[in-house]
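**Q** what follows is a protein structure lacking sequence information:
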């Protein structure tokens, strides 16, 4: 099944595709930035690939944007600007969880709850928490600076929520009732993940890592990314040209049949959303 991208989603992807998601059990320890050596800028076709076996695990009614996994292996997928789909491997059928929680983009499962971001035409956004079938808004601004396009989120090592906003070109950090801003270290920050020591931020000109809290951004990779995810000890990124690749290294995992690799998730299997079709892909 395929679906047509909405006009607003195409606008959101315009800067990100040229080149996440829960920090589940595999996230631990900081990833090395390869001693400052960036991966080669040669054509992806000239770079080795693991050619991992992949397939469409399930399809959703719309464009699957972000994905997050519970400790029990249940997946939640955001349908861009629309709702949330639940996929339980025991049922093996996608079911609509809600279509009443706002213009959803980023998703993150945390301590038994779904947290998410919203963005309405890149004019206003929020950090929200799902309450039944509707959302509870947690934060919308840092002082006079409102959220505009927060399309991803993660929990930092100190428990703060961090949101990427590529329209405002910053990271929003939410601690309780206080929200501040931090330099992302990349242009158009749009995706983020974290481990016990660092946060990792992806944008239109690469990936940075920031020792948390208080560290300065360090560049790890110069390739644009759509999604970032820590999977079994490796930091992975996605892009249209490179498919799924190891950040800071030249080699690729594969997922070459995914038209626009978007966000990643999973702990035992690696899941990837396809921003051009309705499929959620996984390793076999």
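**A** All right, it came through fine. Values in this document were obtained by computation on a predicted structure and should not be read as measured data.
**Q** quick one, phi psi at the closest residue in space to residue 142 that isn't next to it in sequence?
**A** Nearest residue to residue 142 in three dimensions, chain neighbours excluded: residue 179, at 4.2 Å (CB to CB, 6 or more residues apart in numbering). Quick note: C-beta positions are derived from backbone N, CA and C, even for glycine. Dihedral angles of residue 179 (phi, psi; degrees, to the nearest 10) stand at phi -130, psi 130.
**Q** residue contacts, residue 179?
**A** Listed by CB atoms under 8 Å, 6 or more residues apart in numbering, the contact set of residue 179 reads 139, 141, 142, 143, 172, 173.
**Q** okay, and which of these map to strands?
**A** 139, 141, 142, 172, 173 (DSSP state E).
**Q** hang on, the first one packs against residue 147?
**A** So the one you mean is residue 139. Yes - between residue 139 and residue 147 there is a contact under CB atoms under 8 Å: 7.5 Å.
**Q** which one of these two has more residues nearby?
**A** residue 147 (25 against 21; other CB atoms under 10 Å).
**Q** from residue 187, how far out is the more buried one?
**A** Look at residue 147 and residue 187: by CB to CB, to the nearest Å, they are 18 Å apart.
**Q** could you do residue 272 as well?
**A** 24 Å.
**Q** the more surrounded of those two?
**A** Set side by side, residue 272 and residue 187 show more neighbours around residue 272, with 30 against 14, by other CB under 10 Å.
**Q** you'd agree residue 45 is in a helix?
**A** Yes - according to DSSP: H, G, I helix; E, B strand; the rest coil, residue 45 belongs to a helix.
**Q** average model confidence for stretch 46-56?
**A** The predicted model assigns stretch 46-56 a mean pLDDT of 89.
**Q** can you give me the offset of stretch 86-99 from its chain's centre?
**A** 20 Å (CA atoms, centre = their mean, to the nearest Å).
**Q** and the ones in strands among the contacts of residue 179, which are buried?
**A** 139, 142, 172, 173 (16 or more other CB atoms under 10 Å).
**Q** circling back: are there residues contacting both of residue 139 and residue 147? Which ones?
**A** Shared contacts of residue 139 and residue 147 (CB under 8 Å, 6+ apart): 126, 127, 172.
**Q** okay, those residues in JSON lines with pLDDT and distance to residue 243 next?
**A** Converted to JSON lines, the shared contacts of residue 139 and residue 147 look like this (pLDDT from 0 to 100; distance: CB to CB, whole Å):
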{"residue": "126", "pLDDT": "98", "distance to residue 243": "32"}
{"residue": "127", "pLDDT": "98", "distance to residue 243": "30"}
{"residue": "172", "pLDDT": "98", "distance to residue 243": "30"}
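**Q** what about the strands in the stretch 151-284 of the chain?
**A** Using DSSP state E, counting those that start in this stretch, the strands found in the stretch 151-284 of the chain span residues 161-165, 170-175, 178-182, 191-194, 198-203, 206-211, 218-221, 227-231, 234-239, 243-246, 252-254, 261-265, 271-274, 279-283.
**Q** for the ones you listed, which one sits closest to residue 59?
**A** Checking the strands of the stretch 151-284 of the chain against residue 59 by CB to CB gives strand 279-283 as the closest, at 5.2 Å.
**Q** avg pLDDT for that closest one?
**A** Taken as a whole, strand 279-283 has an average pLDDT of 96.
**Q** please apply the same query to stretch 83-100.
**A** Computed over stretch 83-100, the mean pLDDT rounds to 96.
**Q** tell me, how many neighbours does residue 95 end up with?
**A** 9.
**Q** hmm, who's touching the helix or strand where it lies?
**A** For residue 95, the element it lies in under DSSP states H and E is strand 93-98. Identification of contacts with strand 93-98 by CB under 8 Å, 6+ apart yields 58-61, 76-77, 83-88, 130, 133-134.
**Q** and the furthest pair within these?
**A** 59 and 134 (25.8 Å).
**Q** so those two - more neighbours on which side?
**A** residue 59 (17 against 11).
**Q** contacting residues around that one?
**A** Counting by CB under 8 Å, 6+ apart, residue 59 has contacts 1, 94, 278, 279, 280.
**Q** so what's residue 5 scoring on pLDDT?
**A** Reported pLDDT for residue 5: 34.
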